[in-house]
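Visitor: Show me the folded form of this:
(one chain, ligands or ions: 1)
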Amino acid sequence: MTETATTRADARASEPLLSARQVTMQFGGLTAVNKVDLDIHPGEIVGLIGPNGAGKTTFFNCLTGMYQPTSGQVLFDGAVLPPKPRRVAVAGVARTFQNIRLFHNMTALENVMVGRYARTKTNALDAIFRLPRHRREEAETREVAREWLEFVGLGDHADSLSRNLPYGDQRRLEIARALALEPKLLLLDEPTAGMNPQETREAEALITRIRELGMAVLVIEHDMRFIFSLCDRVACLVRGEVLIDDVPAVVQHDERVIEAYIGAPVDTGDEPEAPEPDRRTLAPNKPLLEFPPNAINPILGRRHRGEHRHEGHEPEGRNDA
Ligand SMILES: Nc1ncnc2c1ncn2[C@@H]1O[C@H](COP(=O)(O)OP(=O)(O)OP(=O)(O)O)[C@@H](O)[C@H]1O
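Guide: As a prediction, the model looks like this:
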């Protein structure tokens, strides 16, 4: 066994960093997440997959204090996580969002500085009167933010307005902002959505380097090549429930995952007269890893690459993690 593989096996043998126990989230009569158990160990990269509406983002929101689960518990570092995003951030959980949430009129550096807010101690009055302790802390925050920008490869763009950065760089900037919290666990919600294949490979390399820092990563993604080559373990959610939680080699060949996630065979009787040719590349029961890089999943059609490039990325408020 290689040293890295040994280290990962050791990590799994250790106490979980995060333990979701029977987490359930209901919205009125809809059960979006149903009795989900999931452990994440220090230094692990865990993938969370499943069809649209399976409950992945809702589960993330339960882990980050944005939602209080209807029932069940989330333990982090042995303590129950409170349903308060700031306290979850202080405990060491950071996240990025499915739709980019940067402050678009701020520079890249300023965005990352904001991400460190839960690690700062000075208060509003210190800032208003620019007391020495505030100036010291601000200088330190600026320095740390620069280091994280360098880490994600955006060191030369510190002074660029985030709205002027190319799409892939904006995604990396979001990751830098989450890293500035120096979390023990990083949650990434579709980090490669809208990226081209080159950007996706760079994102994979970046997440591997994040793990090398000792952080654990939980990543939601619809790109199966990315998930199966990156993750140590993959859990598949379907209709709010965990269908399987295992190593990629097992999950990618699981008939239930193929059935529930790739979809049923195309009903040729219902096909339009001139079907879109690229949809036909997704033959029923085709192994997941044989997906063409830019294929459109018939179930996940709306999430094809490039879709997010045209989103109006207006700032939606500060990053809650
Ligand atoms: N705030 C909410 N109020 C009511 N229903 C919600 C809310 N948030 C999510 N849902 C519903 O919960 C279910 C799970 O949604 P969720 O966004 O968690 O799925 P997902 O797996 O992340 O999907 P996607 O891959 O499309 O992002 C869906 O049926 C959704 O409509």
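Visitor: which SS state does D37 fall under?
Guide: What DSSP: H, G, I helix; E, B strand; the rest coil gives for D37 is strand.
Visitor: Now do the contacts for it.
Guide: The contact partners of D37, by CB atoms under 8 Å, 6 or more residues apart in numbering, come to A20, R21, Q22, V23, V242. (Each C-beta comes from the backbone N, C-alpha and C, glycine too.)
Visitor: Please produce CSV containing those, extended by neighbour count.
Guide: Shown next, in CSV, are the contacts of D37 (neighbours: other CB atoms under 10 Å):
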residue, neighbour count
A20, 25
R21, 16
Q22, 12
V23, 25
V242, 20
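Visitor: Mind checking what secondary structure G168 has?
Guide: Under the three-state scheme (three-state DSSP), G168 adopts helix.
Visitor: Please disregard the earlier target; I meant V234.
Guide: Using three-state DSSP as the criterion, the local structure at V234 reads strand.
Visitor: For G168, see how far away N196 is.
Guide: Between N196 and G168 the computed distance is 7 Å (CB to CB, to the nearest Å).
Visitor: coming back round to it: ok, which pair from the contacts of D37 is furthest apart?
Guide: Taking every pair in those and measuring CB to CB, the maximum separation is 12.2 Å, between R21 and V242.
Visitor: Report the spatially nearest residue to F59, omitting neighbours in sequence.
Guide: Nearest non-adjacent residue to F59, counting by CB to CB, 6 or more residues apart in numbering: V33, 5.0 Å away.
Visitor: same for the longest helix along the chain, what does it pack against?
Guide: The single longest helix within the chain, with elements called by DSSP state H, is helix 132-151. Applying 3 or more CB pairs under 8 Å, 6 or more residues apart in numbering; DSSP states H and E, one finds that helix 132-151 makes contact with helix 108-115, helix 124-128, helix 167-179.
Visitor: Now do the longest one and helix 132-151, the angle between them.
Guide: Interaxial angle, helix 167-179 versus helix 132-151 (axes from the mean of the first three to the mean of the last three CA atoms, to 10 degrees): 140 degrees.
Visitor: Need the contact partners of helix 167-179.
Guide: Helix 167-179 has contacts (CB under 8 Å, 6+ apart) with 94-97, 100-102, 108, 111-112, 114-115, 145, 148-149, 151-154, 157, 162, 165, 186, 188, 191-192, 194-196, 199, 202-203, 206, 210, 308-309, 313, 319, 321.
Visitor: pLDDT of that helix, averaged?
Guide: Helix 167-179 shows an average pLDDT of 93 in the prediction.
Visitor: Show the subsequent helix or strand relative to that helix.
Guide: Next helix or strand after helix 167-179 toward the C-terminus (DSSP states H and E): strand 185-189.
Visitor: Keeping just the C-alphas, turn that next one into CSV.
Guide: As requested, C-alpha coordinates have been extracted for strand 185-189 and formatted as CSV (Å, rounded to 0.1, in the frame of the first residue of the first chain):
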residue,chain,number,x,y,z
LEU,A,185,-14.1,20.6,6.7
LEU,A,186,-14.8,22.3,3.3
LEU,A,187,-18.1,21.8,1.6
LEU,A,188,-18.2,22.4,-2.1
ASP,A,189,-21.5,22.7,-3.9
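Visitor: so, in contact with the ligand or not, it?
Guide: No: among the residues of strand 185-189, none lie within reach of the ligand under CB under 6 Å from any ligand atom; the closest is 7.8 Å away.
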